[in-house]
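K.L.:
Coordinates for the following, if possible.
(one chain, ligands or ions: 1)
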Amino acid sequence: MAKRGTDKQHATFAKDKVELHVHLDGAIRLKTILEVAKRRGIALPADTEEAFCQLCTLKEPTTLTDFLSKFNQFMHVIAGDKKAIKRIAYEFVETKAKEGVVYVEVRYSPHLLANCNVEPISWNQREGDVTPDKVVQLVNQGLSEGEKAFGIKARSILCCMRHMPNWSMDIVELCKKYRNDGVVAIDLAGDESLNCEAFPGHRKAYEEAVRSCIHRTVHAGEVGPPSVVREAVEVLKAERIGHGYHTVEDLDLYKQLLEQNMHFEMCPVSSKLTGACNPDFTKHPIIRFREDGANFSLNTDDPLIFNSTLDMDYQVTKQYMGFTEKEFMRLNINAAKSSFLPHKEKKDLLNRLYESYGMVDKSSLATG
Ligand SMILES: O=c1[nH]cnc2c1ncn2[C@H]1C[C@H](O)[C@@H](CO)O1
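P.N.:
The predicted model follows:
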């Protein structure tokens, strides 16, 4: 099933790209799920890619809660299986390299893929020996082998989940333990529409992240109100905002974040299908962010569930929002500048982009 733009030469923006917001478990290949299910003897309600695709993907806008329920279709196949966990990380890097991504930060919840040392064990799994710590090791191995095989750089972000505040301290400790092994930040994901105020468990984890100099991003203002974004910035000390579309509904906050050069990880295709934004792309808040010179990136979020590629996100912003090649370059430079890489590696990444973009004056296009 070749999708338009999975091949970097024919992409809407056929130059080096940076992606900062994509979920590993929302980017698994259908083929892999089917093969792993077969190997493990797990019966699925459909046994062809086409039929299983119907069950996992969204075609029409829905709610964030309904979108998140799609993970129930396949997570039990991958979770708790060491070979599968490493494989999805490796294949993820291959997919990104094919899309022309040269640097990616991929996020996931180690707890949701574990079957040991986690309370409760997700997806009705029986207890096994795959701890959240083991999951991180396996993903690190898969990413690192993928980097070598496909010649791009991949780092990871570990997710706290909004409905599981008791997992969050583990997450920050894992971020600390694996900070020299590819883990660059902490995130808070999950259903923002169910609870708006971050539980003390999340707050404590983020306080520890600040103390330990662990980088921080937070899903906020995706479907939730601007108050969730304010809390992410003021309480959780987020350095980047995941999505953040609804920030524009609080003009003071929006202005403040523009002045701070806050980075917004925007996911246009996702924002339509999760019901986060008006499905008419010509009315999308990204247009406002662009006009105001905001610092943002373009990302896929969960390409498995949206049946999408990174090119589709570039395609819709070009077709419906009038993004130009120059704007694509600018936003990728901003993404590189807002990445959670250490200074020297960030500089190298920026130089790689400047070279790819044939830029003489290296500072003229980006903010910050
Ligand atoms: O767009 C999203 N918003 C909030 N949570 C999300 C989104 N996409 C995926 N997730 C959740 C479901 C995954 O299992 C989890 C970790 O990647 O993060």
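
K.L.:
which parts of the stretch 51-200 of the chain sit against the ligand?
P.N.:
Leu68, Phe71, Arg107, Tyr108, Ser109, Leu112, Cys159, Ala189, Gly190 (C-beta under 6 Å from any ligand atom). The C-beta positions use only the backbone N, C-alpha and C, and glycine is treated the same way.

K.L.:
Next, give phi and psi for Ala189.
P.N.:
Main-chain torsions, Ala189, degrees, to the nearest 10: phi -120, psi -170.

K.L.:
beta partners of it?
P.N.:
For Ala189, the beta-bridge partners are Met161 (DSSP bridges).

K.L.:
Of the residues of the stretch 51-200 of the chain next to the ligand - the most surrounded one?
P.N.:
When neighbours are counted by other C-beta atoms under 10 Å, Cys159 leads those with 28 neighbours.

K.L.:
which SS class is that one?
P.N.:
Judged by DSSP: H, G, I helix; E, B strand; the rest coil, the three-state class of Cys159 is strand.

K.L.:
quick one: contacts for it?
P.N.:
Neighbour list for Cys159: His23, Arg107, Tyr108, Ser109, Ile171, Ile186, Asp187, Leu188, Ala189, Gly190 [criterion: C-beta atoms under 8 Å, 6 or more residues apart in numbering].

K.L.:
Please report how far it lies from Arg107.
P.N.:
Applying C-beta to C-beta, to the nearest Å, the value for Cys159 to Arg107 is 5 Å.

K.L.:
do the same with Arg290
P.N.:
Counting by C-beta to C-beta, the gap from Arg290 to Arg107 is 24 Å.

K.L.:
Likewise for Lys98?
P.N.:
Relative to Arg107, and taking C-beta to C-beta, Lys98 is found at 20 Å.

K.L.:
Check Gly201 too.
P.N.:
Gly201 sits 18 Å away from Arg107 when distances are taken as C-beta to C-beta.

K.L.:
Then Asp348?
P.N.:
22 Å.

K.L.:
next one: Gln256
P.N.:
Applying C-beta to C-beta to Gln256 and Arg107 gives a distance of 26 Å.

K.L.:
Then Leu138?
P.N.:
Noted for Leu138: a distance of 15 Å to Arg107, by C-beta to C-beta.

K.L.:
With Met164 instead?
P.N.:
Distance from Met164 to Arg107, by C-beta to C-beta: 15 Å.

K.L.:
name the element Ala14 belongs to?
P.N.:
Secondary structure from DSSP states H and E places Ala14 outside every helix and strand.

K.L.:
Let me fix that, I meant to ask about Val102.
P.N.:
Short version: Val102 belongs to strand 101-108, going by DSSP H and E.

K.L.:
pLDDT (mean, whole number) over that strand?
P.N.:
Averaging pLDDT along strand 101-108 gives 98.

K.L.:
next one: stretch 44-58
P.N.:
Per-residue scores along stretch 44-58 average to 94.

K.L.:
and if you look at stretch 124-136?
P.N.:
Across stretch 124-136, the average pLDDT comes to 96.

K.L.:
Mind exporting the C-alpha coordinates of it to CSV?
P.N.:
Output in CSV follows, covering the C-alpha atoms of stretch 124-136 (Å, rounded to 0.1, in the frame of the first residue of the first chain):
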residue,chain,number,x,y,z
ASN,A,124,-5.7,-7.7,29.7
GLN,A,125,-2.2,-9.1,29.5
ARG,A,126,-1.0,-11.9,31.8
GLU,A,127,1.9,-10.9,34.0
GLY,A,128,5.3,-11.5,32.3
ASP,A,129,8.8,-10.2,32.6
VAL,A,130,8.7,-7.1,30.5
THR,A,131,9.1,-4.1,32.9
PRO,A,132,8.8,-0.5,31.8
ASP,A,133,12.6,-0.3,32.2
LYS,A,134,13.0,-3.3,29.8
VAL,A,135,10.6,-1.6,27.3
VAL,A,136,12.9,1.5,27.3
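
K.L.:
quick one: contacts of it?
P.N.:
76, 79-82, 85, 110-111, 113-118, 121, 156, 158, 167, 170, 174, 177-178, 183.

K.L.:
Which members of these occur in strands, if any?
P.N.:
Under the assignment DSSP state E, the contacts of stretch 124-136 contribute Ser156, Leu158, Val183 to strands.

K.L.:
Verify the contact between the first one and Ser144 for me.
P.N.:
No. Taking contact to mean C-beta atoms under 8 Å, the distance of 10.3 Å between Ser156 and Ser144 leaves them out of contact.

K.L.:
neighbouring contacts of the one helix or strand Tyr254 maps to?
P.N.:
Assigned by DSSP H and E, Tyr254 belongs to helix 251-259. Helix 251-259 is contacted from outside by Pro226, Val229, Arg230, Val233, Ile241, Thr247, Val248, Asp292, Gly293, Ala294, using C-beta under 8 Å, 6+ apart.

K.L.:
Save those as a markdown table, and put in neighbour count and distance to the ligand too.
P.N.:
A markdown table is the format used below for the contacts of helix 251-259 (neighbours: other C-beta atoms under 10 Å; distance: C-beta to the nearest ligand atom, whole Å):
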| residue | neighbour count | distance to the ligand |
| --- | --- | --- |
| Pro226 | 21 | 17 |
| Val229 | 30 | 14 |
| Arg230 | 18 | 18 |
| Val233 | 21 | 18 |
| Ile241 | 26 | 12 |
| Thr247 | 29 | 15 |
| Val248 | 18 | 18 |
| Asp292 | 11 | 23 |
| Gly293 | 11 | 25 |
| Ala294 | 24 | 19 |
